[in-house]
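Trainee: Fold the following.
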Amino acid sequence: NAQLLPRPGNTSHPEDLFAGLELLLHFKPLFIPLYCLLVAVACLGNAFLVGCIAANKKLHNTTNFFLGNLSLGDLLMCLTCVPLTASYAFEGRGWLFGRAMCHAVALLQAATVYVSVLSLVAIAVDRYVVVAYPVRRRIAPRYCGLVVAAIWALALALAAPPAWHTSYVDLRPIGHDLIICEEFWRHMERQRLVYSCAMLLLSYVVPLLAVTISYCSISAHLRQRSLPGSANLSQARWDKTKRKTFLLLVVSVLVFALCWLPLQVLNLLRDLDPDFTLLEKRYINLAQVSCHLVAMSSACYNPFIYASLHRKCRAHLRGSVRHRQRHIGQCTRANTCLSLLPDASNYWGVSVCWTQTRRRLVCKRSLLEHL
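Mentor: Numbers count the residues shown, from 1 in each chain. Have a look, this model is predicted:
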């Protein structure tokens, strides 16, 4: 859960909560374009990836379903959480989206992170089964749906405590033109620290450790792989395909781990040091927003990693571009044909149609004379 304002700790003055806000606003012209670019790239990339997997039946397999779930979570995060959280960080009046959205964003932002982690773990387990037991039957699509539903249910359950303890505080009645949407564990600082450490282990350390072990095992199996009764050419082709998929997934996990590492470390320091004795208050907001931006950028990379290493995905993109070009060409020819017609006021009607023969568009025109 990425809080963008310092936690209250034991401070008694509200102004102490926002030390460094002035410095953060000084960098607003830098951060706002970066957030806008992040949202645009991530939404376009993940929407294309989800659409590519959904539209192409050749991509309907267990690994791609989990990748689609990962992209769907990133897309949801970029459409809802990132814009509202960035607005909250740089808006002088604080949270402007109401009490319900305050709790909803707190729940969704944490849940989508857990969905990403659990999806990466599911992909790692699936790839290990494929490589270690190549003759075993893959999970059926309907069971993939159950796994995806279980991932979302577990993610929402893990994200529930911070959402429950998120408070919507309107300070305008006491003279401050400010609304706070923050995580407050009143008189439960010890429980908050235990929860934060447990979530750091469950949502970052343990999953990445499990993924690392799985991929190390996959690497060992690929080096030792010898398919009985197969020709050398078939075995080499099989190994090349599996190694390519293996590389794709390893890069995805490394990117996710590196992007989220700064924010995880900073949140841990804030949990261990609520009074900011280690981190100077003047720089805490700037550091938090910077780490949050880097963490959210993880949503941008998976579509490009997947498309650059997956031939079918690139083919789908090229097909979409060619279809768009043909559509534009048809519209251009239609306009040309219509411009050649005489004034239609003396005729019952005008009919323009197109037929495509061997990739050539022929414009036909029929005119009905006025009786």
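
Trainee: Against P29, how distant is the spatially most central residue of the chain?
Mentor: Nearest to the mean C-alpha position of the chain, by C-alpha atoms, centre = their mean, lies D74 at 1.7 Å. As judged by C-beta to C-beta, to the nearest Å, D74 and P29 stand 26 Å apart. Where C-beta positions appear, they are placed from N, C-alpha and C, glycine not excepted.

Trainee: check which helix or strand covers the residue nearest to the centre of the chain.
Mentor: D74 is located in helix 62-76, with elements delineated by DSSP states H and E.

Trainee: CA-only coordinates of that helix in CSV, if you can.
Mentor: This file holds the C-alpha atoms of helix 62-76, laid out as CSV (Å, rounded to 0.1, in the frame of the first residue of the first chain):
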residue,chain,number,x,y,z
THR,A,62,-2.6,-21.5,-19.3
THR,A,63,0.5,-19.2,-19.3
ASN,A,64,-1.1,-16.6,-21.5
PHE,A,65,-4.3,-16.6,-19.4
PHE,A,66,-2.2,-15.8,-16.3
LEU,A,67,-0.3,-13.1,-18.3
GLY,A,68,-3.6,-11.7,-19.3
ASN,A,69,-4.7,-11.6,-15.7
LEU,A,70,-1.5,-9.8,-14.8
SER,A,71,-2.1,-7.2,-17.6
LEU,A,72,-5.7,-6.8,-16.5
GLY,A,73,-4.7,-6.0,-13.0
ASP,A,74,-2.1,-3.5,-14.2
LEU,A,75,-4.7,-1.9,-16.5
LEU,A,76,-7.2,-1.6,-13.7
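
Trainee: So what touches the helix or strand following it?
Mentor: Scanning forward in sequence from helix 62-76 by DSSP H and E, the next helix or strand is helix 82-90. By C-beta atoms under 8 Å, 6 or more residues apart in numbering, the residues outside helix 82-90 that reach it are 2, 4-5, 24-25, 28, 31-32, 35, 38-39, 42, 94-97, 101, 105, 109, 181, 285, 289, 292, 296, 299.

Trainee: again, only this time at 7 Å
Mentor: Helix 82-90 has contacts (C-beta atoms under 7 Å, 6 or more residues apart in numbering) with 4, 25, 28, 31-32, 35, 38-39, 94-95, 97, 101, 105, 109, 181, 289, 296.

Trainee: The residues you listed in helices, which ones?
Mentor: 25, 28, 31-32, 35, 38-39, 101, 105, 109, 289, 296 (DSSP state H).

Trainee: Turn the residues you listed into JSON lines, columns for distance to W185.
Mentor: Listed next are the ones in helices among the contacts of helix 82-90 as JSON lines, based on distance: C-beta to C-beta, whole Å:
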{"residue": "L25", "distance to W185": "28"}
{"residue": "K28", "distance to W185": "30"}
{"residue": "F31", "distance to W185": "28"}
{"residue": "I32", "distance to W185": "31"}
{"residue": "Y35", "distance to W185": "28"}
{"residue": "L38", "distance to W185": "30"}
{"residue": "V39", "distance to W185": "30"}
{"residue": "M101", "distance to W185": "21"}
{"residue": "V105", "distance to W185": "18"}
{"residue": "Q109", "distance to W185": "17"}
{"residue": "V289", "distance to W185": "22"}
{"residue": "M296", "distance to W185": "24"}
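
Trainee: Show me which of those are buried.
Mentor: Among those, those scoring as buried are 25, 31, 35, 38-39, 101, 105, 109, 289, 296 (criterion: 16 or more other C-beta atoms under 10 Å).

Trainee: So which of the residues you listed is the closest to I218?
Mentor: Nearest to I218 among these: M296, at 29.0 Å, using C-beta to C-beta.

Trainee: Find the residue closest to that closest one in space, skipping its chain neighbours.
Mentor: The spatially closest residue to M296, leaving aside those adjacent along the chain, is V82, at 5.3 Å (C-beta to C-beta, 6 or more residues apart in numbering).

Trainee: State the distance from the one you found to S217.
Mentor: Taken as C-beta to C-beta, the span from V82 to S217 is 35 Å.

Trainee: what do you get for A86?
Mentor: In terms of C-beta to C-beta, A86 sits 40 Å off from S217.

Trainee: which one of those two has more residues nearby?
Mentor: A direct count of neighbours by other C-beta atoms under 10 Å for A86 and S217 places A86 higher, at 22 against 15.

Trainee: picking up where we left off before, including pLDDT and distance to R270, could the buried ones among the ones in helices among the contacts of helix 82-90 go into JSON lines?
Mentor: Formatted as JSON lines, those follow (pLDDT from 0 to 100; distance: C-beta to C-beta, whole Å):
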{"residue": "L25", "pLDDT": "83", "distance to R270": "21"}
{"residue": "F31", "pLDDT": "92", "distance to R270": "20"}
{"residue": "Y35", "pLDDT": "94", "distance to R270": "21"}
{"residue": "L38", "pLDDT": "94", "distance to R270": "23"}
{"residue": "V39", "pLDDT": "94", "distance to R270": "25"}
{"residue": "M101", "pLDDT": "90", "distance to R270": "24"}
{"residue": "V105", "pLDDT": "90", "distance to R270": "19"}
{"residue": "Q109", "pLDDT": "88", "distance to R270": "16"}
{"residue": "V289", "pLDDT": "90", "distance to R270": "13"}
{"residue": "M296", "pLDDT": "91", "distance to R270": "18"}
